[in-house]
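Q: Fold the following, please.
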Amino acid sequence: MQPVAFTNTICITVDMLGSISSSSSPDQPSKERLDTIVAAAASQLNAEQTLSAQEDMYGVVRQVPEQEQPEKLRAMLQILRARMGAVKLKRGTAYEIAERIDRTYVDHEGFLLQFLRANKYDPEQAAKQIIRFFNVKLELFGREKLVKDITLDDLDDDDQHCLNNGSNQVAQTEGRHIFVCLPGLRQFRRLNNELRARYYVLMSMLESKETQLNGVTIITYEVGSCKDTTNGTGYIEHTRLLQSLPIHVAAIHHCCDDPAQYLLQSASIRLLSTSQLARFQTHIGSAVQCTYKLATFGIPSGSLPLSPVDHQPNMDRHMKWLRTRRVIESQKKKENPAHPQFVETRLQPSVLQRQDASISTNNSSITNVRGVGNIQPNGDDVLFGQEHKAHPGNMKMHQLMDHLQDEYESADKQGKMKFSLIVVFSMKGTGSRFLDFDETTMQWHIVPDTVARNKVAKAIRNRRRYKVRQDAINKEKSKAAKHARSASLDSLQKSPLKQGVKDRESRKSRKLEPSKENPKSSSKEATAAGPEVVKPGTGSKETETTAATEGSSGTEGKASVPSVESMESEFVE
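A: As a prediction, this is how the structure comes out:
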């Protein structure tokens, strides 16, 4: 049976989105409308689901869930098997075909556990996803490979070309498994070639139990030369493939330098579940801006398959990953030729016994992660303890918290919950570690992200209280200083010295004002300067200044100034 191609009519819908800039339809997608869809999905989550989504997006490593206890796993597997046995659910599906071909494959514990973990241990949702999984697998690989784990040998030359071009790559950093999509490298003869290559990459990531528990972070990078040139062909098919695989999506980041690329994702965004939409983030900007925004979510730029200088795709790690995959597959075929994919995840009785014996140990070790050897703190590390407040790494973290304080105050309750995660992963993105000193072993050890987040949240609250208290103290000091200045001015106004100054100024002003009772007083200045003498025949005036002082019995004399009439009479004589 030949593989059945995906529906082509959907591709036409995606291609039509390329002309959205010239369309005037009222249903035309816009960035605001897509942002509204994403925000509406986040608002539908309760407080616990919101916190879980934020921890997933920031890569917080949580404790092993209690559902992983062997007794609970057996109970849920039993419920899931009973649900898959329902005739109504599987009638006419690819699962029914697979069950008839090889029942041991579809009933394998390792296979079923993947779907339980991807659906948060909900047997009902896991059963529905198993049905979708086999339907998609039948369409991609046909009946002969329906009950077979897909390996590199199962991919034809066109599939291998899509795998080797590097458009789908795997990255990993600090326990986080990242699937990187570089649309600018997409080259395929048929869309099914690319879908089969992506199926292989994603399913290979699920071989790790850690990935099944913590999920996969998906990054689509469309900046510069990595921009998609296929006009969004196959976006919906890729989303449909993602929905059918047993993958817990921890976060989805879409990076682009053109909003039109974001709008091309509109059709596939609408197919995401509410939980996936709440974990969706879009970053629009240059390569530096996008990598910086990813770093705030704990994804350092070095984890992406890009050159650090020009941000061009780097294929070295991808080719090394492919070589490693061939070695792993050859080893698994020797261990379990029938089902090599489930070698690590099979629940044999001995494994269950070991889990029973170590379940408490695993939980305790996660809450107190020990470093390898004796870790020596450096200047970038954040150290726990009141005595390390002046450590450079602690001061750097405090500066970051002060920088974000205004945004913290203006954020709502859900926004405030994010700030501790932003601080933790912003610090870790710059190479900082959160270290605590163990008095028992006398060694430093790296604390888990949950412990670091709680400590940072407490520090933010303490700094907020300190700032409020300091503002109140400064306000009281300012009020007291103002009152002291006012009292000082009042006392100065009432002091004898001030009163004497006022009296002198008042007397001086009265002395300078002309008197209304004696009109001649206004001519004192002229007469004090002396009389004006007119010389005959010239018509010019000559001013003479006379000053005389008469002393009289210890009193101050007055200057005697002759009148103009007497001077004229003397001149005539």
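
Q: what sits against the residue lying closest to Gln187 once chain neighbours are set aside?
A: What sits nearest to Gln187 in space, not counting adjacent residues and going by CB to CB, 6 or more residues apart in numbering, is Asn165, at 5.1 Å. C-beta coordinates here come from the backbone N, C-alpha and C atoms, glycine included. Applying CB atoms under 8 Å, 6 or more residues apart in numbering to Asn165 gives the contacts Leu185, Arg186, Gln187.

Q: which of the residues in stretch 109-120 are buried?
A: With burial defined by 16 or more other CB atoms under 10 Å, the residues of stretch 109-120 counted as buried are Glu109, Gly110, Phe111, Leu112, Leu113, Gln114, Phe115, Leu116, Arg117, Ala118, Asn119.

Q: Dump those residues into a markdown table; add distance to Lys128 as well.
A: Output for the buried residues of stretch 109-120, formatted as a markdown table (distance: CB to CB, whole Å):
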| residue | distance to Lys128 |
| --- | --- |
| Glu109 | 19 |
| Gly110 | 20 |
| Phe111 | 16 |
| Leu112 | 13 |
| Leu113 | 16 |
| Gln114 | 14 |
| Phe115 | 9 |
| Leu116 | 12 |
| Arg117 | 15 |
| Ala118 | 12 |
| Asn119 | 9 |
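
Q: Turn those into TSV, columns for distance to Ile460 and secondary structure.
A: Listed next are the buried residues of stretch 109-120 as TSV, based on distance: CB to CB, whole Å; DSSP: H, G, I helix; E, B strand; the rest coil:
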residue	distance to Ile460	secondary structure
Glu109	44	helix
Gly110	43	helix
Phe111	44	helix
Leu112	43	helix
Leu113	39	helix
Gln114	38	helix
Phe115	39	helix
Leu116	37	helix
Arg117	33	helix
Ala118	34	helix
Asn119	34	coil
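
Q: related to what we said a few turns ago, filter the contacts of Asn165 down to the buried ones.
A: Applying 16+ other CB under 10 Å to those flags Leu185, Arg186 as buried.

Q: Tell me the one of the contacts of Asn165 nearest Ala487?
A: The closest of the contacts of Asn165 to Ala487 turns out to be Leu185 (CB to CB; 77.1 Å).

Q: Let me see the contact set for that closest one.
A: By CB under 8 Å, 6+ apart, the contact list for Leu185 reads Asn165, Gly166, Ser167, Cys226, Pro313.

Q: ok, now with 10 Å
A: Leu185 makes contact with 162, 165-169, 225-226, 228-229, 305, 313, 315, 318, according to CB atoms under 10 Å, 6 or more residues apart in numbering.

Q: which residues of the stretch 301-450 of the chain fall in strands?
A: Secondary structure of the stretch 301-450 of the chain by DSSP state E, counting those that start in this stretch: the strands cover 382-383, 434-438, 443-446.

Q: Between those, which one is closest to Arg325.
A: strand 443-446 (30.0 Å).

Q: Could you list the low-pLDDT ranges of the stretch 301-450 of the chain?
A: For the stretch 301-450 of the chain, the stretches with pLDDT under 70 are 335-374, 414, 417.

Q: Check the stretch 451-573 of the chain too.
A: Low-confidence segments of the stretch 451-573 of the chain, defined by pLDDT under 70: 488-573.

Q: redo that, cut-off 50
A: 516-517, 520-529, 531-559, 561, 564, 567-568, 570-573 (pLDDT under 50).

Q: how about Val249, what does it touch?
A: Per CB under 10 Å, 6+ apart, neighbours of Val249: 56, 118, 179, 215-218, 242-243, 272-273, 275-276, 279-280.

Q: same check, this time on Leu277
A: By CB under 10 Å, 6+ apart, the contact set of Leu277 is 37-42, 44-45, 53, 252, 269-271.

Q: what about 7 Å?
A: Ile37, Val38, Ala41 (CB atoms under 7 Å, 6 or more residues apart in numbering).

Q: between those, which is closest to Ala98?
A: The closest of the contacts of Leu277, once distances to Ala98 are taken by CB to CB, is Ala41, at 32.9 Å.

Q: Look up the closest residue to the closest one, ignoring the ones flanking it.
A: Spatial nearest neighbour of Ala41, chain neighbours left out: Leu277 (3.4 Å); criterion: CB to CB, 6+ apart.

Q: how close does the one you found get to Ala251?
A: As judged by CB to CB, to the nearest Å, Leu277 and Ala251 stand 11 Å apart.

Q: how far away is the residue nearest to Glu66 when sequence neighbours are not counted from His108?
A: In space, and not counting its chain neighbours, Glu66 is closest to Lys72: 7.0 Å by CB to CB, 6+ apart. Lys72 sits 19 Å away from His108, going by CB to CB.

Q: do the same with Ala260
A: Ala260 is 45 Å from His108, by CB to CB.

Q: The two: which has the busier surroundings?
A: Ranked by neighbour count (other CB atoms under 10 Å), Ala260 and His108 place His108 first, with 19 against 14.

Q: now the strands: where do they sit in this protein?
A: 168-173, 176-181, 216-222, 249-256, 280-284, 382-383, 434-438, 443-446, 532-534, 541-543 (DSSP state E).

Q: Out of these, flag the one nearest Tyr199.
A: Closest of the strands of the chain to Tyr199 is strand 168-173, at 9.7 Å (criterion: CB to CB).

Q: Can you name every helix or strand that the closest one contacts?
A: strand 176-181, helix 191-205 (3 or more CB pairs under 7 Å, 6 or more residues apart in numbering; DSSP states H and E).

Q: Can I get these in CSV including distance to Val60, mean neighbour count and mean pLDDT?
A: Compiled in CSV, the helices and strands packed on strand 168-173 are given as follows (distance: least, CB to CB, whole Å; neighbours: other CB atoms under 10 Å; pLDDT from 0 to 100):
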stretch, distance to Val60, mean neighbour count, mean pLDDT
strand 176-181, 10, 22, 90
helix 191-205, 19, 21, 95
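
Q: for stretch 302-317, the distance to its chain's centre please.
A: Distance of stretch 302-317 from the chain centroid (CA atoms, centre = their mean, to the nearest Å) equals 22 Å.

Q: Give me the residue at the spatial middle of the chain.
A: Geometric centre of the chain, nearest residue: Thr296, 4.4 Å, by CA atoms, centre = their mean.

Q: Quick check: that one touching Met427?
A: No: at 10.4 Å, Thr296 does not count as touching Met427 under the criterion of CB atoms under 7 Å.

Q: Mind checking the strands of the stretch 301-450 of the chain for the one nearest to Arg196?
A: strand 443-446 (39.9 Å).

Q: List the buried residues in the closest one.
A: By neighbour count on 16+ other CB under 10 Å, the buried set for strand 443-446 is Trp444, His445, Ile446.

Q: does the last one really touch Phe437, like I thought?
A: In other words, Ile446. No: at 11.6 Å, Ile446 does not count as touching Phe437 under the criterion of CB under 7 Å.

Q: thinking again about what came up before, need the contacts of Asn165 in CSV (columns: distance to Arg485 and pLDDT).
A: Shown next, in CSV, are the contacts of Asn165 (distance: CB to CB, whole Å; pLDDT from 0 to 100):
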residue, distance to Arg485, pLDDT
Leu185, 71, 93
Arg186, 73, 92
Gln187, 78, 91
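
Q: close enough to count as contact, Ile79 and Glu124?
A: No: shown here, Ile79 and Glu124 do not form a contact pair, counting by CB under 7 Å, at 8.7 Å.

Q: Look at these two and report which has more neighbours.
A: More neighbours surround Ile79 than the other of Ile79 and Glu124, with 16 against 11 (other CB under 10 Å).

Q: if I look at the more buried one, how far off is Gly85?
A: From Ile79 over to Gly85 the distance is 11 Å, taken as CB to CB.

Q: rewinding a little: tell me which of the helices and strands packed on strand 168-173 approaches Ile131 most closely.
A: Ranking these by their distance to Ile131 (criterion: CB to CB) puts helix 191-205 first, at 16.8 Å.
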